[in-house]
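Asker: Pasted the sequence and its predicted model underneath.
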Amino acid sequence: MKRFVNRAGFRRAFLSFFGFFLIVCFLSAEIRLPSIIGDNMVLQQDQPLKIWGWADPGEKISVALAGQKGQAVADAQGRWQVTLKPMKSGQGPLRMTVNGTKSDSVVANNILLGEVWVCSGQSNMEWSMLLTHSPTPEILRADHPQIRLFQVPRKTAPEPQEDVDAEWKVCSPETVGPFSAVAYYFGRELHQKLGVPVGLVNSNWGGTRIEPWTPISGFESVPELASIIKEIDSAEEDYRKKVENLLPELEKWLNAARTALSNGTNIPAQPEMPRHSVDNRQSPTALYNGMIHALTPFAIRGAIWYQGEANRNDGLIYAKKMEALIKGWRNVWKAGDFPFYYVQLAPFNYAFSPGEEGNDVPDFFRLPLIWESQLEVLKMRNTGMAVITDITDLYDIHPRNKKDVGYRLALWALARTYGKKDLVYSGPIYRSMTVEDGRIRIHFDHAGSGLTSLNHQPPSWFEIAGKDRTFYKARAEIDGKTVLVWNERVEEPVAVRFGWHQLAVPNLGNKEGLPASPFRTDRW
């Protein structure tokens with residue numbers, strides 16, 4: 001991207017003031033691998049495998065793994081990359097050796113081939129096993145040597161980073177405690193049902209919006225988000241002006257520092273560089289730059305996502321922001337339309353949460369608009385949504401039952417990604433309505449073997465309205481795979497809403513135990 005090239009070029013100019021330090025670094029150069037490639041990693045089966053790293057410019061590199069060999073030459077920046085042919089799971093543990101013509105060998109041990117998933121979002125994805133309901137028994141049972149965990153540390157950055165400070169760990173009672181509970185339960189279900197190793201790359205940060213996780217290419221792919229591109233460009237321009245204004249002071253300091261070194265006097269304090277405004281956990285691209293970009297050459301099967309609370313005031317534009325995230329990630333990974341499965345937010349009492357100035361949407365309807373946005377994203381290819389309206393806590397934004405969340409995400413993956421036929425993987429999702437003698441019949445996709453009440457009570461949280469657009473609490477009756485909705489006061493109904501309130505914990509689901517997503521048939 002031009003934005004990053006300009007910024008990187010400017011910083012190189014700044015670093016020229018300190019060239020002698022760089023010379024020392026080059027003298028000690030050696031082969032280095034990114035942290036995502038190393039001991040205990042899981043490599044994605046059935047896909048070409050990129051192995052990359054850094055060495056002296058011009059150094060010849062060879063990579064050997066499972067009988068395959070690949071060669072590369074480090075470019076002018078010292079970067080090299082080898083691509084190995086796809087391999088099947090079942091081999092291993094494997095050992096990989098990286099040799100250079102000028103450097104000592106680098107070896108990675110205990111490598112497995114299997115399924116790799118990126119797990120990302122805000123605090124409900126970050127929520128650890130230690131903080132779930134009765135965590136001790138589950139943690140003690142988490143002895144799964146073929147599940148591997150990679151926890152990306154929190155980091156913001158104004159430009160894409162080449163590496164993260166992390167390492168692969170074998171899943172055990174000693175390592176799983178601080179790891180994402182949703183990710184763990186998702187991975188465990190895949191491992192048990194598929195019988196292959198699973199690698200979980202966990203990159204999340206509580207309280208963060210969706211914009212920081214999105215690369216520029218994602219925003220550029222959605223015209224409705226052009227204002228965010230302008231925001232990024234404005235921040236870059238502002239940063240460059242600040243640095244430009246600082247250059248005379250830096251040159252003055254450099255001369256003073258040289259004089260002090262020559263005279264043996266105290267070196268004056270170096271002027272502080274200005275901070276880029278994008279280097280903030282809520283700024284567009286900042287978390288993608290610091291916590292995702294370095295992972296993108298690594299082959300993956302797909303991603304799971306649990307986020308949205310921090311964007312609750314966005315309304316229907318949130319669907320466009322999710323579209324930008326998904327398109328952006330698919331673009332930078334260069335792996336086609338890989339699976340992207342996400343969690344629809346749980347009901348929660350946001351009564352004491354601040355709204356957004358100028359937002360005239362009633363507080364109790366803001367969450368339903370996010371639900372509607374999340375439903376809209378299902379129109380994108382290879383996406384899926386886990387509904388969790390039945391396992392919420394209205395007074396805790398972090399429901400402790402993460403096991404069912406991970407399980408429901410895994411159902412989507414098992415059915416849609418891994419081809420497990422005859423598996424009901426979603427709760428009922430509104431498809432259409434018909435008016436019948438003063439009643440409205442609601443038709444659903446994913447009705448499974450039939451609709452049911454999840455708590456054996458009459459279907460709840462249905463509302464119905466006529467042409468006056470006044471909604472009344474409605475009676476509802478399950479009829480096979482449809483629901484009939486009515487109220488005697490509404491003689492000519494035209495619209496139905498279901499669970500359309502932030503406090504709604506409705507009881508409609510399919511007989512497989514998966515709840516229906518909230519919906520409205522109107523767009524008033």
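Answerer: That came through, no problem.

Asker: which residues are contacting stretch 131-141?
Answerer: The contact list for stretch 131-141, computed with C-beta atoms under 8 Å, 6 or more residues apart in numbering, reads M129, L130, P173, V176, G177, A181, H398, R400, N401, K402, K403. C-betas here are computed from N, CA, C, even on glycine.

Asker: check contacts around the residue lying closest to the second one once chain neighbours are set aside.
Answerer: Yep, that's L130 we're talking about. Leaving aside its sequence neighbours, L130 sits nearest to G177 (C-beta to C-beta, 6 or more residues apart in numbering; 4.6 Å). Listed by C-beta under 8 Å, 6+ apart, the contact set of G177 reads S128, M129, L130, P135, I139.

Asker: Among the contacts of stretch 131-141, name the ones in helices.
Answerer: A181, K403 (DSSP state H).

Asker: If we only consider the contacts of stretch 131-141, which is nearest to K473?
Answerer: Distance ranking of those against K473, using C-beta to C-beta, places N401 first at 28.4 Å.

Asker: Without its sequence neighbours, what residue ends up closest to the closest one?
Answerer: Per C-beta to C-beta, 6+ apart, closest to N401 is I391, 4.6 Å.

Asker: Quick check, the one you found in contact with K403.
Answerer: No - assessed by C-beta atoms under 8 Å, I391 is found out of contact with K403, at 9.1 Å.

Asker: Between those two, which has more neighbouring residues?
Answerer: Between I391 and K403, K403 has the larger neighbour count (other C-beta atoms under 10 Å), namely 20 against 17.

Asker: So what's the residue count around E488?
Answerer: Neighbours of E488 using other C-beta under 10 Å come to 8.

Asker: Look up how far G438 lies from it.
Answerer: 8 Å (C-beta to C-beta, to the nearest Å).

Asker: Then S203?
Answerer: 52 Å.

Asker: what's the single longest helix in the protein?
Answerer: helix 226-263.

Asker: Show me how far that one is from its chain's centre.
Answerer: Here helix 226-263 shows a centroid-to-chain-centroid distance of 33 Å under the convention C-alpha atoms, centre = their mean, to the nearest Å.

Asker: what stretches of the protein score poorly on pLDDT?
Answerer: 1-29, 352-360 (pLDDT under 70).

Asker: Mind telling me what element the spatially most central residue of it is part of?
Answerer: Taking C-alpha atoms, centre = their mean, the centroid of the chain lies closest to S120, which sits 3.0 Å from it. In the assignment (DSSP states H and E), S120 maps to strand 106-121.

Asker: hang on, the earlier thing: columns distance to Q374 on top of the contacts of stretch 131-141, output as a markdown table?
Answerer: Converted to a markdown table, those look like this (distance: C-beta to C-beta, whole Å):
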| residue | distance to Q374 |
| --- | --- |
| M129 | 25 |
| L130 | 28 |
| P173 | 34 |
| V176 | 29 |
| G177 | 30 |
| A181 | 21 |
| H398 | 18 |
| R400 | 22 |
| N401 | 19 |
| K402 | 18 |
| K403 | 21 |
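
Asker: Pull the most distant pair out of the contacts of stretch 131-141.
Answerer: P173 and H398 (22.8 Å).
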